[in-house]
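> Just a sequence and a predicted model for now, questions to come.
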Amino acid sequence: MTANLLNLNVDTLFEQHSVSEIDAVQKRIQSLVENKREELRTHVGERYRDLLQAADTIAAMQTSAGTLIEQVQRVQANCRSLNEQQLLGFQSTAGQDAGSGSVSEGALQQRSAKRKLQTYYGTLAQIKLLTALPELIWTHLDNERFYAAAELFVFSRHISTGLQLDGQSALMQKLPVARKQWEILRPFHVTIKQAVLAALEREQLDPDLAVDCLQSLLLLDKSDLGAVLLTFLGLRSSAFLNCLESRSSEPRRVKERILASLGVLNSTVELLDKCLLDNGLLFTRLAECAASTCPPSINRMESSERQLAHLLPDIIAGFRPQFEVAQLPPEKLGASLQQWLDKMNALAATHLQQVFALVSSMQTIQDIKAAARMNGRPDFGRLEQQLQLKHCQLDFYARKYVPLINARVREIIRSSWAAAMKQAYEQVLALIEDGQSQPAHQIWREQSDDLPLSLAAALSEQPKRLANRTKGYDLATMELSRQFDGQLADIIQELTVMLQEQTTRAEDKLALIKFLRETAKEQLTDYLTSLKGLQLRERPALLLALRNSLALVELCPNLKLCFCQPASWRQWTGNLTGSGIEHWQRICGLIEEEMLSFWLLIVDDVLAGHSCEEKLPKALNHEVVLSDFALWQTLTLEQRDEEQEQSVQSTIRIPSQPRLSLQTYLHQLIQALNQAVPQTLPTKVLHAFNQRLLGQLLSHYERLAAAECTKASQNIALQLYFDLKFLERVFAITREERALYEQIHMQQNLLRDCIDPFDFELFAEHIATHVARASARLQGEFGVLTPATTALSQGAVAASSLAHESDPNVLCLSSSGSTSLWFPLLPIVMPQATGGSAIMEEKSLSSEPVEKVTATTTPTRKSGGSGARKGDAAKSKSGAASFFGMSQEWFR
């Protein structure tokens with residue numbers, strides 16, 4: 001309505017309406033005018049303060065604008081003044097008026113002419129650089145110094161830009177070569193980039209070249225690091241595909257193409273780890289370029305061009321590339337790498353599988369696996385954890401290549417394994433029921449077929465007849481093992497044929513190999529359960545059971561192949577090889593544990609039949625001492641008093657060997673053990689036997705030490721102490737066997753309390769010497785019971801295997817062999833008097849220069865005899881050493 005009132009036509013209003021209606025319209029118009037007037041007053045009243053404040057602001061802005069204009073004018077004046085003076089400084093003459101400050105007109109003209117000349121020379125120097133840059137850039141490209149080429153190109157672009165800005169000057173109008181030279185340099189941007197991209201597509205790419213290429217891309221395109229990373233990963237994908245393609249110009253074998261593709265994948269991740277992670281090589285280079293000590297780009301020019309640097313403007317002479325690249329977050333790097341891995345999975349599923357389909361022989365697959373193992377499998381566990389990737393996701397060989405190698409496998413027939421195991425168990429049961437065991441002396445009787453008849457037979461891996469007999473394996477046992485191994489060989493051969501089929505899926509092959517392992521484990525477990533359920537207690541039956549069971553492990557190589565796949569299968573099994581070895585060790589441990597229970601029954605039976613309580617005297621009296629104690633050795637100690645120049649002699653008697661009853665008991669025990677178990681005892685069984693034997697002996701000696709006769713007689717305590725030291729040394733009781741070690745030392749301390757401290761201090765050194773001598777002399781006789789060299793050095797507890805050593809019955813003559821020092825080398829001496837030998841032996845026992853030990857039966861020696869015998873002994877040692885090819889230390 002308001003709009004209608006404002007747009008009324010007065011003439012039309014009077015023509016179409018009456019006076020009363022016109023009067024009403026007038027009233028409405030007046031009312032509307034009053035309302036608008038009131039609204040205007042109200043609006044002005046409310047906004048008045050804002051209006052005043054805006055007026056003040058406008059006035060302040062006017063003042064600031066005036067000040068800014070004035071300052072800009074001053075800056076222009078200063079720049080004009082500096083331009084006129086060409087950085088030559090203000091010249092002042094003494095005596096001039098301080099307010100004059102102006103230079104003469106002649107000086108200004110001179111400076112202007114000098115400035116023009118300098119500009120002329122600077123322009124010519126820049127054009128000279130532009131003409132020299134193309135050849136220099138090509139040189140760097142040929143030498144694969146891409147960053148240097150990129151830096152020189154950017155330097156040329158910087159020079160050309162400066163010259164183009166001054167293109168309207170008279171000098172530049174006369175020098176059109178500058179513009180033409182830039183037309184020559186401009187294509188280098190594409191040329192350098194293409195060379196960089198081609199370098200990143202190579203199969204072999206070292207970190208320095210990769211960083212040089214990445215830095216060139218950052219400099220040429222001024223892009224962020226994320227885009228450069230995507231470009232790099234894309235080019236490595238192209239390199240992967242190029243490795244798999246077959247080119248007519250460069251034909252390559254399938255094996256080489258597969259190994260090259262694997263190398264591209266591993267090298268790509270290694271480059272990311274070395275170059276793009278925190279403190280990587282790329283960031284180190286960028287930091288060096290951004291440092292203030294970085295030389296300018298003109299330093300990359302030849303020496304003749306560098307000499308023109310003083311003619312160039314500072315902005316040209318001091319130019320160097322600038323990088324503002326932030327650190328690449330691990331999350332972004334991990335996301336980009338994950339996308340690349342997904343892409344590579346798709347490519348491997350198509351292209352790589354097609355290449356593997358071209359492999360036609362198992363020998364090629366073996367070569368691929370051998371080459372991959374030789375090249376090594378890098379460990380990217382730290383990188384996976386840092387980039388939050390899945391475990392082993394960067395193990396390309398295990399995740400992409402092994403499943404393709406294991407593409408054809410089938411399952412082993414369970415019934416064949418069960419039939420072989422059932423037949424072996426029935427044969428073992430028949431041998432136990434027949435009870436026909438090989439006589440003990442038959443094992444060590446030489447036969448014509450013991451030794452191999454040819455060198456090839458000796459070097460073959462087939463079980464040797466003599467070695468098997470030393471372990472108690474007779475003809476029946478070896479025949480049983482041969483039949484069982486033959487049946488397993490048939491299964492392995494059949495499985496090998498199945499694995500060579502080209503259409504089998506990888507899952508089927510893995511399931512087949514796992515099923516073979518689980519079936520073998522199940523059948524062997526059932527066999528041990530059935531054998532243990534027989535409740536065998538007789539010694540011959542136990543020996544037959546454990547011998548035949550252990551023979552299945554040692555004489556059946558195909559049984560191990562069921563757990564540890566043969567070399568021809570490893571091209572399919574991949575990571576299951578280590579798992580198979582672990583399962584094989586477990587099943588061997590299970591068999592050894594069950595067989596150890598059989599061994600312990602035999603050991604307990606032998607010890608029960610020859611108890612030390614029955615064989616050794618229970619109490620010590622004078623009759624036992626006279627009949628049981630060996631002859632003690634009498635030594636004369638001579639000590640010289642230097643002040644009074646007199647010699648003091650004292651005579652002592654110390655034991656020289658263990659009690660005769662102890663030696664007899666050990667000999668009888670060895671004889672009984674050889675009669676019961678003629679073959680060599682495994683290390684773990686021997687350790688268990690020695691533990692039980694020493695437990696009984698220490699209990700016996702504990703009762704003897706607590707007897708009154710021992711406490712009353714120092715000689716009895718000394719002999720018992722000697723016996724305990726002898727047992728400790730012969731049986732190699734170390735601190736690792738804590739309970740036994742503490743028990744024997746506690747008893748030794750109890751016996752020491754029964755000996756006079758002064759006498760014991762005097763006897764201790766000689767007792768230790770005699771213990772060592774007695775143990776060395778009797779070690780060969782007690783060799784069946786004494787532990788091996790490894791047990792002597794590491795403790796018998798370290799022995800954890802029932803498997804025999806390679807040559808358990810070969811007694812080494814030196815401590816550097818694989819077994820203990822059973823028989824020491826015999827000394828080579830010249831014939832001489834018995835008394836002289838005793839003198840030399842007793843003199844060797846003395847270690848103090850003031851103490852001399854001699855025998856009571858020592859005759860008087862001549863002064864020259866000792867030197868002559870020493871010379872003869874030295875000659876004999878030298879001759880023996882030359883004959884045997886050893887040092888003289890062997891014949892001391």
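Now that the structure is in, tell me what you want to look at.
> Tell me where the chain has strands.
With DSSP state E, the ranges of strands along the chain come out as 633-641, 646-654, 851-854.
> what's the most buried one of those?
Ranked by average neighbour count under the criterion mean count of other Cβ atoms under 10 Å, these are headed by strand 851-854 at a mean of 17. C-betas here are computed from N, CA, C, even on glycine.
> where along the stretch 151-300 of the chain do the helices fall?
170-174, 177-185, 188-200, 207-221, 225-244, 254-271, 281-290 (DSSP state H, counting those that start in this stretch).
> now these in a markdown table, with distance to A705, mean neighbour count and mean pLDDT?
Output for those, formatted as a markdown table (distance: least, Cβ to Cβ, whole Å; neighbours: other Cβ atoms under 10 Å; pLDDT from 0 to 100):
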| stretch | distance to A705 | mean neighbour count | mean pLDDT |
| --- | --- | --- | --- |
| helix 170-174 | 116 | 11 | 63 |
| helix 177-185 | 103 | 15 | 76 |
| helix 188-200 | 84 | 18 | 88 |
| helix 207-221 | 73 | 21 | 86 |
| helix 225-244 | 79 | 19 | 86 |
| helix 254-271 | 69 | 20 | 85 |
| helix 281-290 | 74 | 17 | 82 |
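> can you tell me which residue is nearest the centre of this protein?
The structure's the chain has its C-alpha centroid closest to D379; by Cα atoms, centre = their mean the separation is 8.5 Å.
> Any stretches of the stretch 501-650 of the chain with poor pLDDT?
Low-confidence segments of the stretch 501-650 of the chain (pLDDT under 70): 501-509, 570-578, 641-645.
> Run through the helices of it in chain order.
Using DSSP H, counting those that start in this stretch, helices in the stretch 501-650 of the chain cover 506-532, 539-554, 557-561, 570-573, 576-609, 612-615, 622-628.
> okay if I get the helices of the stretch 151-300 of the chain as TSV plus distance to P452?
Listed next are these as TSV, based on distance: least, Cβ to Cβ, whole Å:
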stretch	distance to P452
helix 170-174	98
helix 177-185	81
helix 188-200	61
helix 207-221	55
helix 225-244	50
helix 254-271	39
helix 281-290	60
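> how about those helices, which one is nearest D490?
Of all the helices of the stretch 151-300 of the chain, it is helix 254-271 that lies closest to D490, at 31.9 Å by Cβ to Cβ.
> re the thing from before, format the helices of the stretch 501-650 of the chain as JSON lines; extra columns: mean neighbour count.
Formatted as JSON lines, these follow (neighbours: other Cβ atoms under 10 Å):
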{"stretch": "helix 506-532", "mean neighbour count": "18"}
{"stretch": "helix 539-554", "mean neighbour count": "21"}
{"stretch": "helix 557-561", "mean neighbour count": "20"}
{"stretch": "helix 570-573", "mean neighbour count": "23"}
{"stretch": "helix 576-609", "mean neighbour count": "17"}
{"stretch": "helix 612-615", "mean neighbour count": "14"}
{"stretch": "helix 622-628", "mean neighbour count": "12"}
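> Could you save these as JSON lines and add columns showing distance to F232?
Shown next, in JSON lines, are the helices of the stretch 501-650 of the chain (distance: least, Cβ to Cβ, whole Å):
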{"stretch": "helix 506-532", "distance to F232": "32"}
{"stretch": "helix 539-554", "distance to F232": "54"}
{"stretch": "helix 557-561", "distance to F232": "46"}
{"stretch": "helix 570-573", "distance to F232": "33"}
{"stretch": "helix 576-609", "distance to F232": "35"}
{"stretch": "helix 612-615", "distance to F232": "79"}
{"stretch": "helix 622-628", "distance to F232": "88"}
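> and of those, who's closest to V359?
Of all these, helix 570-573 comes closest under Cβ to Cβ, at 9.7 Å.
> thinking again about what came up before, mind checking which of the helices of the stretch 151-300 of the chain is nearest H158?
Of all the helices of the stretch 151-300 of the chain, helix 177-185 sits nearest to H158, with 11.1 Å by Cβ to Cβ.
> what helices or strands is that closest one leaning on?
When contacts are defined as 3 or more Cβ pairs under 8 Å, 6 or more residues apart in numbering; DSSP states H and E, helix 177-185 packs onto helix 105-142, helix 146-165.
> hmm, who's touching that helix?
Applying Cβ atoms under 8 Å, 6 or more residues apart in numbering, the external contacts of helix 177-185 come out as 123, 126-127, 130-131, 133-134, 137, 153, 156-157, 160, 163-164, 167, 172.
> Swap in 7 Å and give it another go.
Identification of contacts with helix 177-185 by Cβ atoms under 7 Å, 6 or more residues apart in numbering yields I127, L130, T131, L133, P134, F153, S156, S160, L163, M172.
> quick one: the fourth one and S156 touch, right?
Yes. When contacts are counted by Cβ atoms under 7 Å, L133 is listed as touching S156 (4.7 Å).
> Could you check how far K725 is from A732?
13 Å (Cβ to Cβ, to the nearest Å).
> again with T63
In this view, T63 and A732 are 105 Å apart by Cβ to Cβ.
> Ok, which of the strands of the chain comes nearest A113?
strand 851-854 (110.7 Å).
> hmm, back to that, mind putting the helices and strands packed on helix 177-185 in TSV, distance to T42, mean neighbour count and mean pLDDT included?
Shown next, in TSV, are the helices and strands packed on helix 177-185 (distance: least, Cβ to Cβ, whole Å; neighbours: other Cβ under 10 Å; pLDDT from 0 to 100):
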stretch	distance to T42	mean neighbour count	mean pLDDT
helix 105-142	69	15	79
helix 146-165	60	21	81
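> and these as TSV, adding distance to T683?
Below are the helices and strands packed on helix 177-185 laid out as TSV (distance: least, Cβ to Cβ, whole Å):
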stretch	distance to T683
helix 105-142	68
helix 146-165	65
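> For the closest residue in space to A424 that isn't next to it in sequence, the count of nearby residues, please.
Counting by Cβ to Cβ, 6 or more residues apart in numbering, A424 lies nearest to F484, which is 4.5 Å off, once chain neighbours are set aside. When neighbours are counted by other Cβ atoms under 10 Å, F484 registers 24.
> Distance check, F484 against M595.
F484 sits 17 Å away from M595, taking Cβ to Cβ as the criterion.
> And L561, by the same measure?
Applying Cβ to Cβ to L561 and M595 gives a distance of 22 Å.
> what do you get for V196?
68 Å.
> A24 too?
To M595, A24 is 129 Å away according to Cβ to Cβ.
> Likewise for A195?
In terms of Cβ to Cβ, A195 sits 71 Å off from M595.
> and what of E46?
108 Å.
> Need the nearest residue in space to L394, chain neighbours excluded.
F380 (3.9 Å).
> what about that neighbour, how many residues close to it?
So F380, with other Cβ under 10 Å, has 21 neighbours.
> got the phi/psi numbers for it?
Here is the backbone geometry of F380 (degrees, to the nearest 10): phi -110, psi 30.
> okay, now the closest residue to I22 other than its chain neighbours: neighbour count?
With Cβ to Cβ, 6+ apart as the criterion, I22 has its nearest non-adjacent residue at 6.2 Å, and that residue is L13. When neighbours are counted by other Cβ under 10 Å, L13 registers 13.
> and L13, how far is that from S20?
For L13, the distance to S20 - Cβ to Cβ - is 13 Å.
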